[in-house]
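K.L.:
need a structure here:
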Amino acid sequence: MEEPDLTVGPLLFAEPRVLAVPADNALAKRSTISLEAASDYRHVTVESAPGSWVDRYVPELTPKGRSIDRAALVHNVEDILMHTAMGDTVSLFPVHVTRYYPRPGIVYLPVTDMEALPYGMVWRSDVENDLIRALARVVRELGPLPG
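P.N.:
Numbering: from 1, shown residues only. Next up, the predicted model:
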């Protein structure tokens, strides 16, 4: 999060990445995918999301500097899955999507060359109080969930 009115607290966990591909796409036969290979395909961009957030999900460039086409404009996760199932796009997600959004027309492939997506505590800076600081302290002391 890169918002001036928000405080970023401790890391809760980080999730590996997957690429959603149409089940009838040649990529669906693979067991894994690299971001380099995924850059050959069109990706989505979420209209209402801040640019820094979109960049964490779908970077503009691969690790080797290849451009990633983020031309398909979507509004929500259902739009993303629809465009993917129809073969218009491929879509990068955190791995929990495989559990909560299974679709018969979509195959999820582990991405081998992307860092895990971090999830942490975030709160409005203007409402920070003793309870928030105490919770953040406990989370720091316990450390992130394994995995």
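
K.L.:
could you list the low-pLDDT ranges of this structure?
P.N.:
Under the criterion pLDDT under 70, the flagged ranges of the chain are 1, 147.

K.L.:
mind jotting down where the helices sit in it?
P.N.:
Ranges of helices in the chain, per DSSP state H, are 35-38, 51-57, 77-85, 97-100, 130-142.

K.L.:
now do the buried residues in the second one.
P.N.:
Of the residues in helix 51-57, those buried under the neighbour-count criterion (16 or more other CB atoms under 10 Å) are 54, 56-57. In short, each C-beta sits where N, CA and C put it, glycine included.

K.L.:
the longest strand in the protein is where?
P.N.:
Identified as the longest strand of the chain according to DSSP state E is strand 6-15.

K.L.:
send the alpha carbons of that one over as CSV?
P.N.:
Output of strand 6-15 as CSV, limited to C-alpha atoms (Å, rounded to 0.1, in the frame of the first residue of the first chain):
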residue,chain,number,x,y,z
LEU,A,6,-2.6,4.6,5.6
THR,A,7,-0.2,2.9,7.9
VAL,A,8,1.3,-0.4,6.8
GLY,A,9,1.8,-2.8,9.6
PRO,A,10,3.4,-6.2,10.0
LEU,A,11,3.2,-9.0,7.4
LEU,A,12,0.5,-11.6,8.0
PHE,A,13,1.4,-14.1,5.3
ALA,A,14,2.5,-14.3,1.7
GLU,A,15,1.0,-16.4,-1.1
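
K.L.:
do you know which of the helices of the chain lies nearest residue 21?
P.N.:
Closest to residue 21 of those is helix 77-85 (CB to CB; 7.0 Å).

K.L.:
give the buried residues for that closest one.
P.N.:
79-85.

K.L.:
and that helix, what does it pack against?
P.N.:
strand 17-22, strand 44-46, strand 72-74, strand 91-94, strand 106-110 (3 or more CB pairs under 8 Å, 6 or more residues apart in numbering; DSSP states H and E).
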